[in-house]
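Q: give me a 3D structure for the following:
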Amino acid sequence: MKDGVNGVALGVFVFFFLAVTVMGFLAARWRKAENEHSLDEWGLGGRSFGTWVTWFLLGGDLYTAYTFVAVPAAIYAAGAAGFFAVPYTILVYPLIFTFLPRLWSVSHKHGYVTTSDFVRGRFGSKGLSLAVAVTGILATMPYIALQLVGIQAVLDVMGVGGGENTNWFVKDLPLLIAFGVLAAYTYSSGLRAPALIAFVKDTLIYIVIAVAIIYIPIKLGGFDHVFAKADEAYQAINPATGKHKGALVPGEASQWTYATLALGSALALFMYPHSITATLSSRSREVIRRNTTILPLYSLMLGLLALLGFMAIAAGIKVTNPQLAIPQLFEDMFPDWFAGVAFAAIGIGALVPAAIMSIAAANLFTRNIYKDFIKKDATPAQETKVSKLVSLLVKVGALIFVLTMDKTVAINFQLLGGIWILQTFPALVGGLFTRWFHRWALLAGWAVGMVYGTVTAYGVASPTNTAQKHFGGSAAEIPGIGEIGYIGLTSFALNVLVTVVLTFVLKAVKAPEGVDETSPEDYTADAGDAGVRDLPKVGAGAH
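A: Now for the predicted structure:
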């Protein structure tokens with residue numbers, strides 16, 4: 001580890017940061033809005049993005065700074081179990097090919113801005129819509145916080161802000177500045193800002209990974225040496241647990257955990273509000289279909305990225321917080337100027353998703369809490385103003401989260417976020433294909449899944465930190481099977497079971513089902529068909 005501030009790396013980092021800041025503000029003039037006081041324009045970029053813009057936007061949205069830091073950090077700390085992120089990002093694209101085009105079509109037809117808009121329109125239930133909205137906001141908040149953690153990790157490695165004993169304001173000033181800039185251009189330009197910046201972010205990440213995967217192994221003596229050193233490190237005994245520190249290949253005992261975590265994460269990924277916001281910003285159904293076929297290119301990148309965890313071990317990186325392993329690897333192995341490029345890739349990789357996430361959370365609050373329960377006659381201009389303000393509050397909340405809490409708390413809440421957001425799958429994806437589920441049954445299933453998942457996760461102690469008795473992981477024993485599996489998937493199975501059983505019961509007693517404002521042809525409509533601007537619907541949020 002180098003002492004003091006790495007001036008060259010910091011200079012390169014600041015250059016790229018200033019460049020994307022300028023782009024963020026100029027984005028307001030890019031694809032000029034037809035109506036600046038419309039949530040369609042500010043929150044969805046006018047629903048006008050084509051294939052490549054959507055590809056970069058979704059890539060920037062899903063493959064975040066946290067991914068860049070946390071996936072190889074998981075490999076560094078525990079071994080091949082961290083590779084679960086690769087199969088789940090492969091599984092997810094055939095899955096979303098089946099339902100995302102349908103969601104885009106019905107949302108375009110009725111002017112839906114959020115998943116909760118669709119759920120309310122499909123099942124005629126503001127209560128179910130509220131449950132989906134609150135879950136989305138809860139799951140997104142710690143996700144935004146973790147993007148700021150990614151920026152903070154890079155700043156720490158560059159030596160910016162001083163040591164742990166430095167005055168808190170001086171230490172956190174760089175993060176406060178980054179936050180302020182992010183908040184300003186998001187407020188000004190809406191979704192257009194992260195869409196434009198995503199081009200820079202993804203280009204930098206591809207360059208850094210391409211160089212890292214060739215340059216670092218050469219410096220370390222080849223991949224044979226890298227894997228041998230990693231295997232040697234994993235065979236060592238952790239004094240806190242009395243077990244091996246990790247494994248180069250997952251053992252039989254962990255296979256259920258690996259498989260259920262990959263499947264559950266794949267089901268959950270496109271339930272997150274920011275994933276849907278990026279999807280609904282595209283201009284046609286065909287854009288979505290194309291993107292599900294080319295987005296797997298990012299999975300190739302992710303597989304190569306994960307290998308950096310092995311390289312950090314082989315390079316002798318020693319950090320108390322695994323999240324610092326990859327930034328430290330870059331500083332130790334790269335020339336200072338290219339380390340700055342790598343740090344910029346991570347930093348900008350935090351800004352893009354943080355912007356989209358804050359916009360998505362703000363849209364949920366505005367459309368499904370403010371408009372549905374507080375001011376039902378809100379005008380499009382009022383909706384846009386509220387959404388802009390809430391996007392600022394969301395980022396402030398995430399910043400406070402990062403500055404006041406232990407970073408492990410943020411990571412634990414992110415584990416909960418995945419468990420929670422998966423419980424919206426039956427209402428959203430189920431509703432896209434069938435109206436059979438009863439709205440009250442869906443609400444009951446959601447509640448059961450949320451309670452079971454939260455309580456079970458609370459009881460999980462960390463396998464590596466004996467002091468951490470709660471929220472120490474996302475896997476627990478599966479009832480009736482006895483294997484250790486992903487809590488989110490078990491909660492989801494209980495959710496579906498309760499939903500199906502109660503639907504039979506409620507239909508038998510002829511409980512009121514609510515009004516479905518959609519029709520079968522809405523789910524296959526394309527941009528050329530009559531859409532939101534010429535077929536406004538009462539209650540659908542059209543304007």
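Q: average pLDDT for the top helix by length along the chain?
A: Secondary structure of the chain per DSSP state H: the longest helix is helix 126-158. Average pLDDT, helix 126-158: 88.
Q: go through it and flag the buried ones.
A: Under the neighbour-count criterion of 16 or more other CB atoms under 10 Å, helix 126-158 has 126, 128-158 buried. (Each C-beta comes from the backbone N, C-alpha and C, glycine too.)
Q: what does stretch 476-496 give?
A: In terms of neighbour count (16+ other CB under 10 Å), stretch 476-496 has its buried residues at 476, 478, 484-496.
Q: check stretch 314-327 too.
A: Applying 16+ other CB under 10 Å to stretch 314-327 flags 314-315, 317, 319, 322-327 as buried.
Q: stretch 224-233 now?
A: Buried residues in stretch 224-233 (16+ other CB under 10 Å): 226-227, 229-231, 233.
Q: so what's the gap between it and the chain middle?
A: Distance, stretch centre to chain centre, for stretch 224-233: 31 Å (CA atoms, centre = their mean, to the nearest Å).
Q: in TSV: the buried residues of stretch 314-327, plus distance to residue 252 and secondary structure.
A: What follows is the buried residues of stretch 314-327, written out as TSV (distance: CB to CB, whole Å; DSSP: H, G, I helix; E, B strand; the rest coil):
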residue	distance to residue 252	secondary structure
314	26	helix
315	30	coil
317	30	coil
319	30	coil
322	25	helix
323	29	helix
324	32	helix
325	28	helix
326	29	helix
327	34	helix
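Q: farthest pair in those residues?
A: 314 and 323 (18.8 Å; CB to CB).
Q: dihedrals phi and psi, the residue nearest to residue 4 when sequence neighbours are not counted?
A: Counting by CB to CB, 6 or more residues apart in numbering, the nearest residue to residue 4 once its immediate chain neighbours are dropped is residue 159, at 5.4 Å. Main-chain torsions, residue 159, degrees, to the nearest 10: phi 80, psi 20.
Q: touching, residue 159 and residue 9? I think so.
A: No. At 9.1 Å, residue 159 does not count as touching residue 9 under the criterion of CB atoms under 8 Å.
Q: and the buried residues of stretch 476-496, which two are the farthest apart?
A: 484 and 496 (20.8 Å).
Q: which ones are touching the residue nearest the centre of the chain?
A: Nearest residue to the geometric centre of the chain (CA atoms, centre = their mean): residue 62, 5.5 Å. Going by CB atoms under 8 Å, 6 or more residues apart in numbering, residue 62 touches 89, 269, 275, 295, 298, 353.
Q: highest neighbour count among the residues you listed?
A: Within the contacts of residue 62, neighbour counts (other CB atoms under 10 Å) peak at residue 353, which reaches 29 neighbours.
Q: so that residue is in which element?
A: Using DSSP states H and E, residue 353 maps to helix 336-365.
Q: next, the angle from the very next helix or strand once past that helix to helix 336-365.
A: Once helix 336-365 ends, the next helix or strand along the chain (criterion: DSSP H and E) is helix 380-404. Between helix 380-404 and helix 336-365, the angle comes out at 130 degrees (axes from the mean of the first three to the mean of the last three CA atoms, to 10 degrees).
Q: would you indicate which residues of helix 380-404 are buried?
A: 380, 382-388, 390-391, 394-395, 397-399, 401-403.
Q: what helix or strand is residue 476 on?
A: Using DSSP H and E, residue 476 falls in strand 475-477.
Q: rewinding a little: out of the buried residues of stretch 224-233, list just those in helices.
A: With helices taken from DSSP H, the overlap with these comprises 226-227, 229-231, 233.
Q: quick one, helices of the stretch 51-200 of the chain?
A: Secondary structure of the stretch 51-200 of the chain (DSSP state H, counting those that start in this stretch): helices at 51-62, 65-78, 85-110, 115-123, 126-158, 168-189, 192-220.
Q: chain center to the longest one, what's the gap?
A: With CA atoms, centre = their mean as the basis, the distance from the averaged C-alpha position of helix 126-158 to the chain average is 8 Å.
Q: what residues are up against residue 443?
A: 125, 127-128, 131.
Q: likewise for residue 506?
A: Residue 506 touches 438, 440-441, counting by CB under 8 Å, 6+ apart.
Q: got it, and residue 515?
A: residue 124.
Q: next, it: phi, psi?
A: Per degrees, to the nearest 10, the backbone of residue 515 is at phi -100, psi 130.
Q: quick one: residue 77 from residue 113, how far?
A: Applying CB to CB, to the nearest Å, the value for residue 77 to residue 113 is 39 Å.
Q: brilliant, that's me finished.
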